[in-house]
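**Student:** The following block contains a protein sequence and its predicted model.
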Amino acid sequence: MRLSPVYSSGPEGEKPLLGLPQPLDLDALLPGDGPWHVEIGYGKGKYLLHQAVEHPERRYLGIEIVSKYYRLLEGRARRRGVSNLVNVRGEALYLLSAVLPRAFAHQVHVYFPDPWPKARHHRRRLFDTRTLDLVLGALKPGGQLCFATDFLEYGELVMDLLAGYPDLVVEPLLGQWPGGARTNYEAKFVIEGRPILRLVATLSEAASPGALHPGGVDGVVAAVAPKDEDDLL
């Protein structure tokens, strides 16, 4: 059974997302003028929580579908008195397509997503020609996507997909992130000496809103209203 999306952003506890006007007014959920930073699939929330504590002037939004990880971060954030974090439990692509606003985030972080290596499962991947616009659509002009994976075949595919996206500059990162590993997985993999692909992709300040990856355009169905009754014949 799929979990209904919920969120929490304060001491009042979690609330159902489906009961709120959509797209969400994030400024109403978490007032302020700090830039939004989003992490999709934050797992145990190491990086997200650390950043929220270290940068109270920013606003953070975390998306996680696994209930136990959502509640783990929730508890840790409450104990630390974090007040600049919106914690969301739900399926990322649904939230990006139907719940969250477009072009609001200064940075989107995706670290070690499930690569779904079997061919029959590729449609579940977060990065695909027909879903990439949802992930990058959350970025405001000039915003950045930070990505890492230890599944190098998937990482190369993601790099190729990003390279084909309009107005996006992709830069592989040589070496570790400034400040070191950002997730528990990454810290473990670094100790093991496992190769990791890391990259930063920056959206142009002049990027067109609503851009689509050329490889995914055929998946978009458009309906145009007729100008008059004769067009119906």
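**Tutor:** Perfect, I can see it now. Numbers count the residues shown, from 1 in each chain.
**Student:** Quick one: mean pLDDT over the lengthiest strand in the chain.
**Tutor:** Scanning the chain for the longest strand, with DSSP state E as the assignment, gives strand 139-149. The average pLDDT within strand 139-149 is 97.
**Student:** Mind giving me the packing neighbours of it?
**Tutor:** Judged by 3 or more CB pairs under 8 Å, 6 or more residues apart in numbering; DSSP states H and E, strand 139-149 is in contact with strand 105-111, helix 152-163, strand 197-203. In short, each C-beta sits where N, CA and C put it, glycine included.
**Student:** Note down every partner strand of it and its orientation.
**Tutor:** Here strand 139-149 has these sheet partners by DSSP bridges: strand 105-111 (parallel), strand 197-203 (antiparallel).
**Student:** What lies in contact with stretch 202-211?
**Tutor:** 102-103, 133, 136-137, 139-145, 165-169, 171 (CB atoms under 8 Å, 6 or more residues apart in numbering).
**Student:** Please pick the buried ones from these.
**Tutor:** Among the contacts of stretch 202-211, the ones that count as buried by 16 or more other CB atoms under 10 Å are 102, 133, 136, 137, 139, 140, 143, 144, 145, 165, 168.
**Student:** roughly how far is the helix or strand of the chain with the lowest mean pLDDT from the heart of the chain?
**Tutor:** Least confident helix or strand, the chain: strand 6-8 with a mean of 84, by mean pLDDT, DSSP states H and E. Counting by CA atoms, centre = their mean, to the nearest Å, strand 6-8 is centred 16 Å from the centre of its parent chain.
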